[in-house]
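Q: Quick one, fold the following:
(one chain, ligands or ions: 1)
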Amino acid sequence: MLRELAEKTGNTARRVEAAILGTVPLHEKALIQRIRRAAGSGAGRVRLGIGDDAAILHIPAGQEVLVTTDFTLEGVHFRREWHPAESVGHRCLARGLSDIAAMGGEPMAAFLSLALPPELPQRWVDGFVRGLLRLARQHRVTLAGGDTAGSPGGSGVLADMVVVGTAPAGKALRRSGARPGDLLYVTGELGGSAVALGMFFAGKKASTQAHRRHFFPEPRVGIGQVLRGMATAMIDLSDGLSTDLHHICQESGVGAVVEAAAVPRARSASLEQALHGGEDYELLFTAQPSRRIPERIAGVRVTRIGEITRRGVVLAQAGRREKLVARGWEHLRS
Ligand SMILES: [Mg+2]
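A: Sure, this is the predicted structure:
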């Protein structure tokens with residue numbers, strides 16, 4: 001059996017045995033076969049998934065295609081000693097899903113290009129794929145293709161994720177639609193992910209349960225679609241409220257005032273962490289003042305935190321106004 005598998009996959013029998021035990025990585029062909037089996041062949045709008053030269057996606061009439069791509073790099077976006085493999089796979093896909101959510105779109109397919117260091121245990125790769133596919137199934141997204149390669153010496157795990165989604169033609173939400181007088185809202189609570197990172201940097205171990213927001217963030221896909229008919233502009237909070245709000249203001253040519261006391265904070269998060277901590281993957285959006293916004297959407301709190309103005313991005317706190325500088329979390333670099 002071992003020899004047969006070895007011949008089929010271009011590995012030596014010893015290597016196949018070690019790979020099954022999870023101590024060394026599988027060679028590329030075997031790895032792709034394994035991922036293909038786990039990913040399934042595609043269904044519904046994904047007419048053809050992994051296994052041919054290209055995937056075939058069916059786009060229903062009246063829909064537009066949304067495409068987003070994100071790098072997940074070891075040492076920049078995660079550390080193997082801090083993040084379990086499942087969390088890295090989950091977060092890798094969550095970033096793309098969150099971008100589709102921020103457009104008010106519906107994700108359909110994902111494409112993963114993965115470069116792995118030669119010493120990486122197969123166990124790690126399996127955990128990564130498991131975490132990624134679990135989230136994919138929750139959102140009915142098919143892993144429909146990708147590529148694998150060895151990563152150049154010392155550069156660790158490199159993952160490039162492409163997520164494809166759809167939105168009704170002309171209806172996708174942009175960053176550029178905010179107007180002075182619009183109200184500013186955010187979903188969920190902020191700073192939760194920064195709390196976990198703060199613990200890592202302090203040399204403490206964050207708990208995957210207590211700090212789920214960091215390890216297994218939930219992209220707000222369903223909420224994004226609900227907001228498609230209500231919001232004037234939207235962005236997902238990947239870099240932190242201060243930085244992502246500047247993106248909306250820049251693209252819309254407006255300013256904003258944020259009420260510090262109104263910013264919803266995650267447990268143990270400071271105002272600093274809520275304003276500047278990244279990777280919460282909540283949605284920041286604007287809506288006309290006449291538009292009634294529900295207090296909760298799909299069980300998640302929606303909070304009004306400020307207003308769009310003509311110019312300048314400011315924080316209002318205890319009767320004072322100060323400039324809100326974009327100091328978003330630069331992942332593990334800070
Ligand atoms: Mg984004």
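
Q: so what pLDDT did Leu26 get?
A: For Leu26, the pLDDT comes out at 65.

Q: What of Asp53?
A: Note on Asp53: pLDDT of 89.

Q: same thing with Thr208?
A: 84.

Q: what's near enough to touch it?
A: Pro84, Ser87, Phe215, Phe216 (C-beta atoms under 8 Å, 6 or more residues apart in numbering). Just so you know, the C-beta spots here come from the backbone N, C-alpha and C atoms, and that holds for glycine as well.

Q: how close does the first one sit to Arg91?
A: Shown here: Pro84 relative to Arg91, a distance of 11 Å by C-beta to C-beta, to the nearest Å.

Q: do Ile223 as well
A: 19 Å.

Q: Those two: who's more crowded?
A: Arg91 (27 against 23; other C-beta atoms under 10 Å).

Q: so who does that one touch?
A: So, once contact is read as C-beta under 8 Å, 6+ apart, Arg91 ends up touching Thr72, His77, Phe78, His83, Phe215, Phe216, Pro217, Glu279.

Q: what's around the last one, how many residues?
A: Yep, that's Glu279 we're talking about. Glu279, neighbours per other C-beta under 10 Å, totals 24.

Q: do the fifth one as well
A: Each residue near Phe215 was counted by other C-beta under 10 Å, and the total is 23.

Q: quick one: contacts for it?
A: His83, Pro84, Ser87, His90, Arg91, Ala196, Ala206, Thr208.

Q: which pair in these spans the largest distance?
A: His90 and Ala206 (14.9 Å; C-beta to C-beta).

Q: Compare neighbour counts for these two and give me the winner.
A: Under the neighbour definition other C-beta under 10 Å, His90 and Ala206 were set side by side, and His90 has more, 26 against 19.

Q: Hmm, that one is touching Leu133, no?
A: No - His90 lies out of contact with Leu133 (C-beta atoms under 8 Å); the separation is 9.6 Å.

Q: returning to what we had before: reformat the contacts of Arg91 as a markdown table; add distance to Gln33.
A: What follows is these, written out as a markdown table (distance: C-beta to C-beta, whole Å):
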| residue | distance to Gln33 |
| --- | --- |
| Thr72 | 23 |
| His77 | 27 |
| Phe78 | 26 |
| His83 | 26 |
| Phe215 | 29 |
| Phe216 | 27 |
| Pro217 | 30 |
| Glu279 | 33 |
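
Q: Among these, name the ones in helices.
A: Within the contacts of Arg91, residues falling in helices by DSSP state H are Phe215.

Q: Return the member of the contacts of Arg91 nearest to Arg301.
A: The closest of these, once distances to Arg301 are taken by C-beta to C-beta, is Pro217, at 15.9 Å.

Q: How much space separates the closest one from the ion?
A: 13 Å (C-beta to the ion, to the nearest Å).
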